[in-house]
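[1] Have a look at this fold, sequence not included:
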């Protein structure tokens, strides 16, 4: 199979977890590497015997014995959430998840102080909320940009340094949000994080190089390209690079490469506020998601028709893919009324491709305003949705999914391999 990078081309929730689970079952895989986001990820995997787990920090191949998880330096690691996730996996019969885990020492730590700050800031936005997950991801990233002593995984191996950095963070939170929610004291937090370091292997950057030499590795992205910190529709985005860029940086450092696999549903979904040109209230009502619903922080889970314009934009800003994985084909089979948006009607005229910029946030905000006035121009998705998607996006579908379990996945026969001719643009 070779190394593979799995990225969601939409707003997230397209089925990255179930695709990664399939890849790890279909051929031998040494490890799953997480390369962006943190504990806010929610990658749902359902096994053929009915077990369900929402993977947040562990790789979605963890149900397969022997597959390791490596949290790279681009991850925002939440030790408390990780312990809870390991507990749920243990209840499902996966007792050794922590034994198969390694964490890069340079990975930033997400703490209760980041989480409380995140929620305080989002509450203050009132009706202008961005749709945060409330897990402290944005605060972890933004604090590190302005504080050189932001706590990292390697600090958990040095209790004195860890306490100093947690104290500075705790004091910053209290000064910035004096009426914010109560948080654990520094000693309690430090003790928990020290216990985390005693239980998992914290490693240097060279560890990943060894993993890449030991066998095939799947790089599992979080969220979706349309939420990217620089290329998403600002300000309804994440503080994370959701493209292939982080994974390709890690691969390049090791002198390796990987095939790019883009994941999409046969219809579009979005969790929380922000522009959504093809949103359809009737589809939202008719297609509830068993693992996604309205939440107090993200807001409502919304559904709409397939948006080829937005997906072309995702392909443009990432530099293209070597293959596509299309999920929820069972829904397309049961819903002949599903459509595909091939263009937008806008005050300036029809648009079938959005301009791919260079990460200027003012420009991205202007694009968001344009999308709020755009209207979809539809064509039927048709009886051959895979063919329709290939024609609309100009990329081969290499994997199809007709249900949540691994047994519902099918390889199309088109090979997934790195195409040297694919544009490798830094995103």
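    Alright, I've got the coordinates. Being a predicted model, the structure only gives us computed values, none of them experimental.

[2] hey, let's count contacts and neighbours off CA atoms from now on
    Fine.

[3] neighbours around residue 323, how many?
    24 (other Cα atoms under 10 Å).

[4] any chance you could map the helices in the protein?
    Under the criterion DSSP state H, the chain contains helices at 16-26, 79-91, 112-124, 137-146, 159-176, 186-199, 206-214, 245-253, 281-286, 308-318, 329-334, 361-373, 385-393.

[5] worst average pLDDT in these?
    Summarising mean pLDDT across the helices of the chain, the least confident stretch is helix 112-124, with a mean of 89.

[6] ok so, going back, nearest approach to residue 39 belongs to which of the helices of the chain?
    Distances from residue 39 to each of the helices of the chain were compared by Cα to Cα, and the smallest falls on helix 79-91, at 6.6 Å.

[7] Contact partners for the residue nearest to the spatial centre of the chain?
    Using Cα atoms, centre = their mean, the residue of the chain that lies closest to the mean C-alpha position is residue 222, 1.3 Å off. Residue 222 is in contact with 7, 8, 12, 16, 34, 35, 36, 37, 38, 41, 242, counting by Cα atoms under 8 Å, 6 or more residues apart in numbering.

[8] Would you check how far apart it and residue 332 are?
    Here the distance between residue 222 and residue 332 works out to 24 Å (Cα to Cα, to the nearest Å).

[9] likewise residue 393?
    Here residue 393 is placed at a distance of 18 Å from residue 332 (Cα to Cα).

[10] Looking at the two, which one has more neighbours?
    It is residue 332, of residue 393 and residue 332, that has more neighbours when counted by other Cα under 10 Å, with 21 against 18.

[11] which residues does the more buried one contact?
    With contact set as Cα under 8 Å, 6+ apart, residue 332 has these partners: 266, 338, 385.

[12] In those, which residue is surrounded by the most others?
    Neighbours here mean other Cα under 10 Å. Within those, the largest count is held by residue 266, at 25 neighbours.

[13] May I have the phi/psi pair for it?
    When quoted as degrees, to the nearest 10, the phi and psi of residue 266 stand at phi -80, psi -10.

[14] Does it touch residue 325 like I think?
    No: with the criterion set as Cα atoms under 8 Å, residue 266 and residue 325 do not qualify as a contacting pair; they are 10.3 Å apart.

[15] Distance-wise, check residue 49 relative to residue 26.
    Using Cα to Cα, we find residue 49 at a distance of 17 Å from residue 26.

[16] Oh, that last question was meant for residue 88, not what I typed.
    With distances taken as Cα to Cα, residue 88 is found 24 Å from residue 26.

[17] Please identify which of these two sits among more neighbours.
    residue 88 (16 against 13).

[18] what bridges to the closest residue to the more buried one other than its chain neighbours?
    Excluding the flanking residues, the one nearest residue 88 by Cα to Cα, 6 or more residues apart in numbering is residue 53, at 7.6 Å. The residues paired with residue 53 through beta bridges, assigned by DSSP bridges, are residue 45.

[19] Go ahead and confirm residue 53 touches residue 44.
    Yes: counting by Cα under 8 Å, residue 44 is a contact partner of residue 53 at 5.9 Å.

[20] Tell me which residues touch residue 315, please.
    Under the criterion of Cα under 8 Å, 6+ apart, the contact list for residue 315 reads 9, 321.

[21] quick revisit: save the helices of the chain as CSV, and put in distance to residue 409 too.
    Shown next, in CSV, are the helices of the chain (distance: least, Cα to Cα, whole Å):
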stretch, distance to residue 409
helix 16-26, 7
helix 79-91, 23
helix 112-124, 36
helix 137-146, 32
helix 159-176, 45
helix 186-199, 35
helix 206-214, 26
helix 245-253, 24
helix 281-286, 24
helix 308-318, 22
helix 329-334, 10
helix 361-373, 34
helix 385-393, 14
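
[22] What's the local residue count around residue 184?
    Close neighbours of residue 184, defined as other Cα under 10 Å, add up to 12.

[23] That one contacts residue 115, correct?
    No: using Cα under 8 Å, residue 184 is not in contact with residue 115, being 11.5 Å away.

[24] Nearest to residue 368 among the contacts of residue 332?
    Distance to residue 368, by Cα to Cα, is smallest for residue 266 among the contacts of residue 332, at 23.3 Å.

[25] The closest one and residue 77, how far apart?
    32 Å.

[26] Now do residue 72 against residue 62, distance only.
    From residue 72 across to residue 62, the span is 16 Å (Cα to Cα).

[27] repeat for residue 172
    Taken as Cα to Cα, the spacing of residue 172 relative to residue 62 amounts to 37 Å.

[28] swap in residue 208?
    Here residue 208 is placed at a distance of 17 Å from residue 62 (Cα to Cα).

[29] Give me the distance between the two termini of stretch 230-247.
    16 Å.

[30] tell me how far that stretch is from the chain's mean position?
    10 Å (Cα atoms, centre = their mean, to the nearest Å).

[31] do the same with stretch 47-59
    On the basis of Cα atoms, centre = their mean, stretch 47-59 is displaced by 15 Å from the centre of the chain it belongs to.

[32] Stretch 83-91 too?
    Once both centres are worked out by Cα atoms, centre = their mean, stretch 83-91 turns out to sit 20 Å from its chain's centre.

[33] So that it lines up with my notes, have the first residue be 543 from now on.
    From this message on, residue numbering opens at 543, which makes the last subject stretch 625-633.

[34] May I see the buried residues of that stretch?
    627, 628, 630, 631 (16 or more other Cα atoms under 10 Å).

[35] In JSON lines: the residues you listed, plus distance to residue 943.
    Formatted as JSON lines, the buried residues of stretch 625-633 follow (distance: Cα to Cα, whole Å):
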{"residue": "627", "distance to residue 943": "26"}
{"residue": "628", "distance to residue 943": "27"}
{"residue": "630", "distance to residue 943": "26"}
{"residue": "631", "distance to residue 943": "24"}
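
[36] Just give me the neighbour total for the residue nearest to residue 630.
    Applying other Cα under 10 Å, we find 20 other residues in the vicinity of residue 595.

[37] ok, it to residue 633 distance?
    Counting by Cα to Cα, the gap from residue 595 to residue 633 is 10 Å.

[38] Nice, that's everything, thank you.
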